[in-house]
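> kindly generate the corresponding structure for this input.
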Amino acid sequence: MPKMKTKTAAKKRFKVTATGKLMHKNAFSSHNMEHKTRKRKRQFRKDHAIAKSDYKSVKSLLGSYYSK
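Now for the predicted structure:
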């Protein structure tokens, strides 16, 4: 049986922390920034954890990349 390939798009969008948490970049953080508050723009810089409901599907997209 062949190895399961990692989806390259998922590899670029999600990061696995040392403890195994899945992190993602915030949405709505790339344009029309003059309409957003200073606080909101500052919070966009941080990565956020994946929702529990999406965890299983993202983990399967990452495949062997997740187990590193």
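
> every contact and neighbour count from this point should use C-alpha atoms.
Noted.

> where do the strands of the protein begin and end?
14-16, 22-24, 48-49 (DSSP state E).

> mind putting the ones you listed in TSV, distance to Thr8 and mean neighbour count included?
Compiled in TSV, the strands of the chain are given as follows (distance: least, C-alpha to C-alpha, whole Å; neighbours: other C-alpha atoms under 10 Å):
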stretch	distance to Thr8	mean neighbour count
strand 14-16	10	20
strand 22-24	15	18
strand 48-49	20	16
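
> now render those strands as a markdown table, adding distance to Lys59 and mean pLDDT.
Formatted as a markdown table, those follow (distance: least, C-alpha to C-alpha, whole Å; pLDDT from 0 to 100):
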| stretch | distance to Lys59 | mean pLDDT |
| --- | --- | --- |
| strand 14-16 | 10 | 92 |
| strand 22-24 | 8 | 94 |
| strand 48-49 | 13 | 94 |
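
> can you tell which of those strands is closest to Lys3?
Closest of the strands of the chain to Lys3 is strand 14-16, at 20.3 Å (criterion: C-alpha to C-alpha).

> parallel or antiparallel, list what pairs with that closest one.
Strand 14-16 sits in its sheet next to strand 22-24 (antiparallel), going by DSSP bridges.

> list of residues touching the partner strand?
Arg13, Phe14, Lys15, Val16, Thr17, Asp47, His48, Ala49, Ile50, Tyr55 (C-alpha atoms under 8 Å, 6 or more residues apart in numbering).

> pull the most distant pair out of those residues.
The two members of these with the most space between them (C-alpha to C-alpha) are Asp47 and Tyr55, at 15.3 Å.

> the protein: helices as residue ranges?
For the chain, helices defined by DSSP state H occupy the ranges 8-13, 38-44, 52-62.

> kindly reformat the ones you listed as CSV containing mean neighbour count.
As requested, those are arranged in CSV below (neighbours: other C-alpha atoms under 10 Å):
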stretch, mean neighbour count
helix 8-13, 12
helix 38-44, 12
helix 52-62, 14
